[in-house]
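**Q** let's see this in three dimensions:
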Amino acid sequence: MFATPDGAISRTFVTAQGAGLVDFAVIPHLDHPDHPDASLANAEQWAARLPVPTYAIDDQTAIKVTDGTVDVISRGHWKLFTP
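**A** Got it, this is the predicted structure:
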């Protein structure tokens, strides 16, 4: 169960294994009005279930990885959660 402006909702938490190019996860659409369940509070709960660092990013944020160095490029807001 996760809180939204319209009340609590139930969602299935889906994880997937990517191509193995990075060692972190991404939660997109942070605080976007079309994704009310993608609140910072919910992102924190989701990230707590993952064994890797997790970036929650809004639609004004990108993640750039060069030679293993992670740079967050943002005009919006984001947060890094660590396990």
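**Q** please enumerate the helices of the chain.
**A** 40-48 (DSSP state H).
**Q** spatially central residue in it, please.
**A** residue 27 (2.0 Å; Cα atoms, centre = their mean).
**Q** quick one, what contacts that one?
**A** Residue 27 sits next to 38, 43, 46-47, 54-57 when contact means Cβ atoms under 8 Å, 6 or more residues apart in numbering. Heads up, the C-betas are built off the backbone N, CA and C, glycines and all.
**Q** one more time with 10 Å, if that's ok
**A** By Cβ atoms under 10 Å, 6 or more residues apart in numbering, residue 27 lies in contact with 38, 40, 42-44, 46-47, 50, 54-57, 78-79, 81.
**Q** do the same with residue 51
**A** With the criterion set at Cβ under 10 Å, 6+ apart, residue 51 makes contact with 25, 83.
**Q** swap in the one 3 residues further on?
**A** Residue 54 makes contacts with 24-27, 43-44, 46-48, 79-83, as judged by Cβ under 10 Å, 6+ apart.
**Q** just among those, which is most surrounded?
**A** residue 43 (24 neighbours; other Cβ atoms under 10 Å).
**Q** bridge partners for the residue nearest to the centre of the chain, pull those for me.
**A** When assigned by DSSP bridges, residue 27 has beta-bridge partners residue 56.
**Q** next, format the contacts of residue 54 as CSV and append pLDDT.
**A** Shown next, in CSV, are the contacts of residue 54 (pLDDT from 0 to 100):
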residue, pLDDT
24, 93
25, 91
26, 93
27, 92
43, 92
44, 94
46, 88
47, 92
48, 91
79, 98
80, 98
81, 97
82, 96
83, 91
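**Q** what is the nearest of these to residue 33?
**A** Among the contacts of residue 54, residue 43 lies closest to residue 33 (Cβ to Cβ), at 15.4 Å.
**Q** without its sequence neighbours, what residue ends up closest to that closest one?
**A** The spatial neighbour of residue 43 that comes closest, neighbours along the chain excluded (Cβ to Cβ, 6 or more residues apart in numbering), is residue 56 at 3.7 Å.
**Q** residue 30 too?
**A** Sequence neighbours aside, residue 58 is the residue nearest to residue 30 in space, at 4.3 Å (criterion: Cβ to Cβ, 6+ apart).
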